[in-house]
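# no sequence on this one, just coordinates:
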Ligand SMILES: Nc1nc2c(c(CN[C@H]3C=C[C@H](O)[C@@H]3O)cn2[C@@H]2O[C@H](COP(=O)(O)O)[C@@H](O)[C@H]2O)c(=O)[nH]1
């Protein structure tokens, strides 16, 4: 079975027996119908990302960014840039580095340390997240150097026009690892490997014929959006912990149910609105999550390298 289908089936299996986070099935049809039409969906933020220049540079930017597109559990503790969110603080730091000095080469990535990453992102060198970012970038550099001759377009070309194949390739690298245990099974989620395929497509680096086979990218923000929108019901005790700012343990049943529930809801929406793929549902709901209504309520936070 293709990895993306394993993600989809596994998420449906979790959602079917979940007790902490339940899908409000009766509300999905109206919710799906009310999502904006295809022509009104948000695109890639062109200011925060490297969207011009050679394809090799854009490939390097998005693989580098998505190798560190995690840390939401630490975001309340990082120094935010101009009132931007944690994700955009990281993206803008990286964008500035690429504008000033180009990409890090694969060999440079392999040798980066936490202090060098912290400097580019405007953070304290001793922050725990900087060491995790450095480790992920070291692994990315090693794979690109050893398996693709130092070319960031290498993995894209190896995927041969298939987003599904690119996700499978990246999922085999430690820097994109994302599986969680649940009730005796290993649940593949692979949020960042799938975001990377999506971003490379939005940025025109790759032309994939099978983007419709990706699942939603399971982070902490979309479950929050779906909770406030009445599509995922969290048990009261979980809501209380989240709203008190308590960290929810990565790999706990509650956390896996939130992520799997969001993936499953996107499948239900895509079934009701066939022109909206799970990737586009993700883009719509993630962008919605930046709005004031969603920012006004504490979102779930877990400390992991997955998202
Ligand atoms: N499901 C999903 N989760 C995504 C993304 C992205 C960025 N992708 C954008 C980039 C180019 C395209 O325009 C994409 O829209 C980041 N995240 C996650 O959000 C979380 C919240 O972060 P914040 O609000 O800062 O605290 C954090 O865990 C982060 O890892 C996505 O696309 N989908």
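Now that the structure is in, tell me what you want to look at. Values in this document were obtained by computation on a predicted structure and should not be read as measured data.
# how deep is residue 283 tucked in, by neighbour count?
Using other C-beta atoms under 10 Å, residue 283 is surrounded by 20 other residues. All C-beta spots, glycine's among them, are computed from the backbone N, C-alpha and C.
# Is there any residue in the helix or strand hosting it that contacts the ligand?
Applying DSSP states H and E as the criterion places residue 283 in helix 278-288. Yes - applying C-beta under 6 Å from any ligand atom, one finds helix 278-288 in contact with the ligand at 282-283, 286.
# From the residues you listed, pick the one nearest the ligand.
residue 286 (4.0 Å; C-beta to the nearest ligand atom).
# Next, the contact list for that closest one, please.
For residue 286, the contact set (C-beta atoms under 8 Å, 6 or more residues apart in numbering) comprises 217, 219, 221-222, 225.
# how does it look with 10 Å?
42, 87, 195, 216-217, 219, 221-222, 225 (C-beta atoms under 10 Å, 6 or more residues apart in numbering).
# when you check the ligand, which of those turn up near it?
On the criterion C-beta under 6 Å from any ligand atom, 87, 195, 217, 219, 221-222 are the entries of the contacts of residue 286 that sit beside the ligand.
# Restricted to helices, list those residues.
Among these, the members falling in helices (DSSP state H) are 87, 195, 221-222.
# Same list (the residues you listed) but as JSON lines, adding neighbour count.
Below are those laid out as JSON lines (neighbours: other C-beta atoms under 10 Å):
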{"residue": "87", "neighbour count": "21"}
{"residue": "195", "neighbour count": "24"}
{"residue": "221", "neighbour count": "23"}
{"residue": "222", "neighbour count": "28"}
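# correct me, but residue 164 touches residue 3?
Yes - applying C-beta atoms under 10 Å, one finds residue 164 in contact with residue 3, separated by 7.4 Å.
# Quickly list what's touching both of those two.
Shared contacts of residue 164 and residue 3, defined by C-beta under 10 Å, 6+ apart, are found at residue 194.
# Relative to residue 106, how far out is residue 305?
Here the criterion is C-beta to C-beta, to the nearest Å. By it, residue 305 lies 20 Å from residue 106.
# about what we covered before: please convert the ones next to the ligand among the contacts of residue 286 to CSV, extending it with pLDDT.
Below are those laid out as CSV (pLDDT from 0 to 100):
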residue, pLDDT
87, 97
195, 98
217, 98
219, 98
221, 98
222, 98
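# average pLDDT for stretch 265-274?
Throughout stretch 265-274, pLDDT has a mean value of 97.
# Please apply the same query to stretch 181-188.
98.
# quick one: that stretch to chain centroid distance?
When distances are taken as C-alpha atoms, centre = their mean, to the nearest Å, stretch 181-188 is centred 19 Å away from the chain's centroid.
# Give the buried residues for it.
With burial defined by 16 or more other C-beta atoms under 10 Å, the residues of stretch 181-188 counted as buried are 182, 187-188.
# rewinding a little: what's the closest of the contacts of residue 286 to residue 206?
Nearest to residue 206 among the contacts of residue 286 is residue 195, at 13.3 Å by C-beta to C-beta.
# which ones are touching that closest one?
Taking C-beta under 10 Å, 6+ apart, one finds 62, 65-66, 69, 167, 170, 176, 214, 217, 219, 279, 282, 286, 307 in contact with residue 195.
# The same query, at a cut-off of 8 Å, please.
Residue 195 makes contact with 66, 69, 217 under the criterion C-beta under 8 Å, 6+ apart.
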